[in-house]
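**Student:** generate coordinates for the sequence data below:
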Amino acid sequence: MTYCVGLKLNAGLVLLSDTRTNAGLDNISTYRKMFFFEEKGERVIVILTAGSLSATQTTIARLREAIDHPEAGEDSSIMRAPSMLRVATIVGNTLNATLREITDRTRDLNQQASASMIVAGQRKGGEMRLFLVYPQGNFIEATEDTPFLQIGEHKYGKPILDRVVRPETNLADAQKAVLLSMDSTLRSNLSVGMPLDMAVIRKDACAVSDTRRILEGDPAFMAMSAAWSAALRDSFVKVTI
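**Tutor:** All right, here's what the predicted structure looks like:
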């Protein structure tokens with residue numbers, strides 16, 4: 001499984017994903033689940049993936065192929081789409097078509113693939129947008145009331161996001177929030193694992209402003225995790241019933 005989270009804030013977008021892929025208890029691999037599509041100053045798109053690895057890799061490959069196609073157009077290439085809404089539609093259609101093909105080919109094996117994606121970005125002259133794309137190809141969008149979206153093992157990391165993330169949250173605090181959300185997930189679910197990939201897109205930059213890969217044993221991440229655990233223990237002791 002995996003855990004990916006995206007935040008849409010007044011100041012920009014913050015995205016985080018793990019890299020663990022499980023195909024059984026004794027078959028654990030590391031695969032990147034954050035993919036960048038960028039024309040600096042014009043548009044930036046980041047896609048996070050969860051679910052069937054074959055489905056997500058095939059979908060990303062097809063999206064890249066469509067970009068490079070000689071007849072690429074607004075309805076087929078996410079780099080030519082006139083809006084982020086059209087981008088989400090293209091990604092949804094591609095993901096759904098891929099899953100349908102895999103399901104058809106494996107029907108006799110009684111297997112069914114599933115996958116979901118987070119699509120984030122901005123084009124020049126447009127608004128920042130953040131979408132969660134479902135296996136069926138439909139999607140929902142982050143709003144002021146719910147400025148974050150999650151895929152994969154989301155339940156462990158959701159409480160802190162519910163409590164602290166608001167549209168006015170600054171980018172530094174937002175990065176801290178998604179990392180603590182991931183830390184809670186890492187502690188509670190073995191199917192999520194290091195390394196982690198994080199990206200920040202500042203509003204109207206139309207480019208990836210910052211990226212970071214956090215490896216196992218990263219001193220800053222470990223210190224933050226320990227400090228958060230200590231703060232929770234101290235607060236627990238102080239609470240009365």
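**Student:** from here on, contacts and neighbour counts on C-alpha atoms
**Tutor:** Will do.
**Student:** for the residue most central in space within the chain, which three-state class applies?
**Tutor:** Centroid-nearest residue in the chain: Leu48, 3.6 Å away (criterion: CA atoms, centre = their mean). Classification of Leu48 using DSSP: H, G, I helix; E, B strand; the rest coil returns strand.
**Student:** let me see the contact set for it.
**Tutor:** 4, 17, 33-35, 117-119 (CA atoms under 8 Å, 6 or more residues apart in numbering).
**Student:** could you measure from it over to Leu15?
**Tutor:** For Leu48, the distance to Leu15 equals 8 Å [CA to CA, to the nearest Å].
**Student:** mutual contacts of these two, please.
**Tutor:** Contacts common to Leu48 and Leu15, judged by CA under 8 Å, 6+ apart, are Cys4.
**Student:** pLDDT value on Asp26, please?
**Tutor:** Per-residue pLDDT puts Asp26 at 61.
**Student:** wait, Lys40 sits on Asp204?
**Tutor:** No - assessed by CA atoms under 8 Å, Lys40 is found out of contact with Asp204, at 10.9 Å.
**Student:** remind me, longest helix of this structure?
**Tutor:** Ranked by residue count under DSSP state H, the longest helix found in the chain is helix 84-105.
**Student:** which residues touch that one?
**Tutor:** Under CA under 8 Å, 6+ apart, the answer for helix 84-105 is 55-56, 58-59, 62-63, 75-78, 81, 111-115, 119, 121-123, 129, 131, 133-139.
**Student:** which of these fall within helices?
**Tutor:** If you go by DSSP H, those have 55-56, 58-59, 62-63 in helices.
**Student:** farthest pair within those residues?
**Tutor:** Ala55 and Leu63 (12.3 Å; CA to CA).
**Student:** out of those two, which sits in the busier spot?
**Tutor:** Using other CA atoms under 10 Å as the criterion, Ala55 and Leu63 rank with Ala55 on top: 25 against 20.
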